[in-house]
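K.L.:
no sequence on this one, just coordinates:
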């Protein structure tokens, strides 16, 4: 039984391979979008009219012991809506394929994020080097910080430091109640005249 690999399985969904150039340590795939239209990010109108093209170099997951690099041929389209302020726009590939202005595919970004969460900066960078993922320790930490979401709900109760032991024993009758720990109104500055 002969096992084979389809070259189209090497690229993220939504992209089509144009050409392949292979070297001793890396493989460069020239890819483009399979969709013939693009949606204007400002007004949402779909356009077929191509203005120009440019190339983007994007890192992807390694394959067969070689680093993979995608040369994404990105098209610029003309928005034909008369009242749209954006006349020319670049096509978007979706955040699940290739995020806007990203230098890594979404699947590589996900692995970099998980490595940064699991191992931290330097250990994750040395492990990523063994996995043939081209990232530094600062990049790993930057990805973790960018992908963490801030708290959406406001803080209601402030906690007490668990390691601050009182000098005298505290009974449950004198211990502060959780409702007493609510943040108070901010203090207003004192406006007393300064003596000279």
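P.N.:
Yep, that arrived. None of these values were measured; they are calculated from a predicted model.

K.L.:
contacting residues around the residue positioned nearest the centre of the chain?
P.N.:
In the chain, the centroid-proximal residue (CA atoms, centre = their mean) is residue 147; its distance is 5.4 Å. When contacts are counted by CB atoms under 8 Å, 6 or more residues apart in numbering, residue 147 touches residue 113. In short, each C-beta sits where N, CA and C put it, glycine included.

K.L.:
tell me where the chain has helices.
P.N.:
For the chain, the helices defined by DSSP state H cover 106-119, 122-130, 137-147.

K.L.:
same list (those helices) but as TSV, adding mean pLDDT and distance to residue 98.
P.N.:
Output for those, formatted as TSV (pLDDT from 0 to 100; distance: least, CB to CB, whole Å):
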stretch	mean pLDDT	distance to residue 98
helix 106-119	91	7
helix 122-130	91	20
helix 137-147	89	15
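
K.L.:
how close does residue 119 get to residue 39?
P.N.:
Distance of residue 119 to residue 39, given as CB to CB, to the nearest Å: 39 Å.

K.L.:
count the neighbours of the nearest residue in space to residue 20 that is not next to it in sequence for me.
P.N.:
Among residues not flanking residue 20 along the chain, residue 29 sits closest, at 5.6 Å (CB to CB, 6 or more residues apart in numbering). By other CB atoms under 10 Å, 22 other residues sit near residue 29.

K.L.:
dump the helices of the chain to TSV, plus distance to residue 59.
P.N.:
Below are the helices of the chain laid out as TSV (distance: least, CB to CB, whole Å):
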stretch	distance to residue 59
helix 106-119	6
helix 122-130	11
helix 137-147	11
